[in-house]
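Asker: For reference, the sequence and a predicted model appear below.
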Amino acid sequence: MTSEYMASEYASPDYTTTATAPSPVLDLRRVCKVYPGSPPVTALHPTDLRVEAGDFLAVVGPSGSGKSTLLNLLGLLDRPTQGSYRLSGTDVATLTERDRAAVRGRRVGFVFQAFHLLPHRTALENVALARLYVTPRGAHRQADAARTLREVGLGHRLDALPSQLSGGERQRVAIARAVVNTPDILLCDEPTGNLDSATAGAVMDLLAELNQAGATIVVITHDPAVAQRARRRVTILDGRLSETACLSEKARLSETAKSGRTAGGPR
Amino acid sequence: MNRRRHDGPAATRLTWRDMAAEALAGVVQRPGRSVLTLLGTVLGVGAFVSVLGLTSTATGQIGASFSLLQDTTVTVDDTGATPHGSVASVAAQDAGMDAGMDFPADTDERLGRLNGVVDAGVWWNVPLRHPTVSARPEVTTAATTDSDLTGLRVLAASPGTLRAMQPTLSTGTLFNEFHQRRKERVCLLGSTAARLLGITRVDNRPAVFIDGAAYTVLGIVATTQRLPQSLLSVLIPSSAALHAYGPPTDDPAQALIRTRTGAAPLVARQAPLALLPVHPGLLHAVPPPDPHELRDRVDTDLSGLFLVLAAICLIVGAVGIANTTLVSVLERTGEIGLRRALGARRRHITAQFLTESTALGALGGLTGTVIGVAVVIGTALARHWTAVLQPYAVLPAPLMGMAVGFLAGLYPALRAARIEPLEALRH
């Protein structure tokens, strides 16, 4: 069905024609995810989504709505059943495992709800771990990690173990780890889910700061307060994405101006 | 393959050094568990090294105390159990020998006929109490008693005994069957005896006086393979000794047999029968200890059992490492997922856990080797042995630990690589 349409549209490298205009960081076209079984479960219906460089997008939805599926697809942790997914101009749906690992390591930064810090490593080592598979130079890794930790305001806790850090500090370490490789996109999965509201606010401040500095961020959350901090919001429900009403008009305007941030809603 | 073909970024890498560092971090982050995991490998490798080391040490010890010389020497003792006038003496007399000695007169020939005998002969201490032995005839008894010469002994030896001794002469010749047959009063001097008597050359036909009786010196024995007491002795033909001083009284006669290599046990069984067919029990042949038997005993008893134990320990060690690595994989599912999200490929995960288990095994192997070597050296010191450690037993031991760790880590590492980051990151 839609895949044939996709194939015809993307058979030629159309990005050469738009070389002057910056390609969007994320460009999903007709991406869907169906889990096999009887009956098959459609976790994500065919979806179009564009995220331009410097954007700050919140994907809001209740649990079970498919937002984790979307995040996994965006982070190359999972392959779409159908559709085309370009990340910074690279069609990543067709990449080999090895190249997908490379894309994950170099172009995507992850922030998890559960932080996923290694308990026996210091903050510095945890951040440096993100550089491990990217650069073979150990000294540089440490220096990069220290610099990034200072940027997120943890310059004084470099040698602290995660158990010695507060929840907010842990998430800051995780954010530092996510951005130390200067990824094209920062994917945050419920980044404030384990934090109290004050700490959550501080973490969102940090994300907003990073966005100001030029980072492209996608936050997945069920918390409207968190979503409020984003420049743009989309809602996901039962595997269907919809642009939030108040922003969709602006988005459409932007699209006509050929410079804006565009989100294709569900069909 | 051109990694830019898909327009993707450069593939992620993990250098050997980083992999080793990550694995080591995994090992040391739970030191207690690592040590316990190591225990099986330590015991296995330690047992392996110490068993092989102790075996080679013990074998070396047998080799040190056992030589080719011993392997080709048989002595036959006169048990002297039967008093004179008994059947044995009659038998001896029948054989043409004087009473008081059970060896027949043709002992040399009888033994020489046995297959495997190279040379054989009878010898005994000539029954003289405080003999005066001198290079000059006029020496008084008192004078010689004061001197060191009283330490000299007079041995009666058949020509076959001389050959069986395998002596090296510094000068002169041995006496032979001619002298024996004619009961010639000739003698050989041991090197020490010759020095004490002041005799250095025999071309001037010197004589030694035993209780005033002159014996012409035929030669001087510099060294000898067997019967080392001959170096301090005056050796005279047994026929002459029998004629002049009678059969041995205090010390019974002995037969000395030099055999071909490997023939000693057989000769020892046959010799009493060949000498005294009627009363072989009067003679007691002493064969050399059987080196094969000793070595076999060491091999089978010690190494066999303990090597099996060592193998069991190694297997237990492998299972331990496999278990711990598997538990660690399951425990660190989140870490695996995270690493995959950070760009690790499956092979990086496999390599990390495999290196971790291999490092565990290598550490266990090293520790076990050290302990095994210490056990061998300690045992050798305690028993005043020479520790023998074969390089082929010691050097591969740490590698053996490594191999155990590697094999044990295969399944958990492959399983770790199969973990999907998606599942792993789900909390």
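Answerer: Structure's in. What do you need? Numbering: from 1, shown residues only, chains lettered A, B, ... in the order given.
Asker: Strands of the stretch 201-350 of chain B, residue ranges please.
Answerer: B:207-210, B:213-224, B:233-237, B:254-259, B:283-286 (DSSP state E, counting those that start in this stretch).
Asker: I should have written the stretch 51-200 of chain A there, sorry.
Answerer: So, for the stretch 51-200 of chain A - with DSSP E, counting those that start in this stretch - the strands run A:56-60, A:82-87, A:90-91, A:108-111, A:185-189.
Asker: circling back to that earlier point, now the strands of the stretch 201-350 of chain B as JSON lines including mean neighbour count?
Answerer: Yep, even glycine has a C-beta here, placed from its N, CA and C like the rest. Output for the strands of the stretch 201-350 of chain B, formatted as JSON lines (neighbours: other C-beta atoms under 10 Å in any protein chain shown):
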{"stretch": "strand B:207-210", "mean neighbour count": "22"}
{"stretch": "strand B:213-224", "mean neighbour count": "19"}
{"stretch": "strand B:233-237", "mean neighbour count": "27"}
{"stretch": "strand B:254-259", "mean neighbour count": "26"}
{"stretch": "strand B:283-286", "mean neighbour count": "18"}
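Asker: Turn the ones you listed into CSV, columns for mean pLDDT and distance to A:Asp205.
Answerer: Output for those, formatted as CSV (pLDDT from 0 to 100; distance: least, C-beta to C-beta, whole Å):
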stretch, mean pLDDT, distance to A:Asp205
strand B:207-210, 88, 119
strand B:213-224, 90, 101
strand B:233-237, 91, 110
strand B:254-259, 90, 101
strand B:283-286, 86, 100
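Asker: and the single nearest residue of the stretch 101-250 of chain B relative to chain A, what are its phi and psi?
Answerer: At 69.7 Å from chain A, B:Gln225 is the closest residue in the stretch 101-250 of chain B, using C-beta to the nearest C-beta. Here is the backbone geometry of B:Gln225 (degrees, to the nearest 10): phi -80, psi -40.
Asker: shaky segments in the chain?
Answerer: I went with chain A, as the question did not name one. A:1-22, A:244-267 (pLDDT under 70).
Asker: wrong chain, I was asking about chain B
Answerer: The model of chain B has pLDDT under 70 over residues B:1-8, B:63-68, B:80-100, B:138-150, B:289-303, B:427.
Asker: Contacts only, for B:Ala380.
Answerer: B:Thr57, B:Thr386, B:Ala387 (C-beta atoms under 8 Å, 6 or more residues apart in numbering or on different chains).
Asker: A:Leu74 now?
Answerer: With C-beta under 8 Å, 6+ apart, A:Leu74 has these contacts: A:Leu26, A:Leu28, A:Tyr85, A:Val108, A:Ile185, A:Leu187, A:Val218.
Asker: of all the residues in the stretch 1-150 of chain A, which ones are close to chain B?
Answerer: A:72, A:75, A:77-78, A:89-92, A:94-99, A:101-108, A:110, A:112-114, A:116, A:118, A:120-121, A:129-130, A:132-134, A:136, A:138 (C-beta under 8 Å from any C-beta of the partner chain).
Asker: What's the local residue count around A:Val111?
Answerer: 25 (other C-beta atoms under 10 Å in any protein chain shown).
Asker: Not counting sequence-adjacent ones, nearest residue to it?
Answerer: Distances taken as C-beta to C-beta, 6 or more residues apart in numbering or on different chains place A:Cys188 nearest to A:Val111, at 4.1 Å, with adjacent residues excluded.
Asker: ok, so what distance separates the spatially most central residue of chain A from A:Phe115?
Answerer: Geometric centre of chain A, nearest residue: A:Leu187, 2.3 Å, by C-alpha atoms, centre = their mean. Per C-beta to C-beta, to the nearest Å, A:Leu187 is found 14 Å from A:Phe115.
Asker: which ones are touching the closest residue to chain B within the stretch 101-250 of chain A?
Answerer: Residue nearest to chain B within the stretch 101-250 of chain A (C-beta to the nearest C-beta): A:Gly105, separated by 1.7 Å. Residues near A:Gly105 by C-beta under 8 Å, 6+ apart: A:Ala130, A:Tyr133, A:Val134, A:Asn181, B:Pro9, B:Thr12, B:Leu342, B:Gly343, B:Ala344.
Asker: Can you name the residue of chain B nearest chain A?
Answerer: Chain A sits closest to B:Gly343 of chain B, with a gap of 1.7 Å, by C-beta to the nearest C-beta.
Asker: before we move on, the earlier item: tell me which of the strands of the stretch 51-200 of chain A is the most buried.
Answerer: Of all the strands of the stretch 51-200 of chain A, strand A:108-111 has the most neighbours on average by mean count of other C-beta atoms under 10 Å in any protein chain shown, namely a mean of 26.
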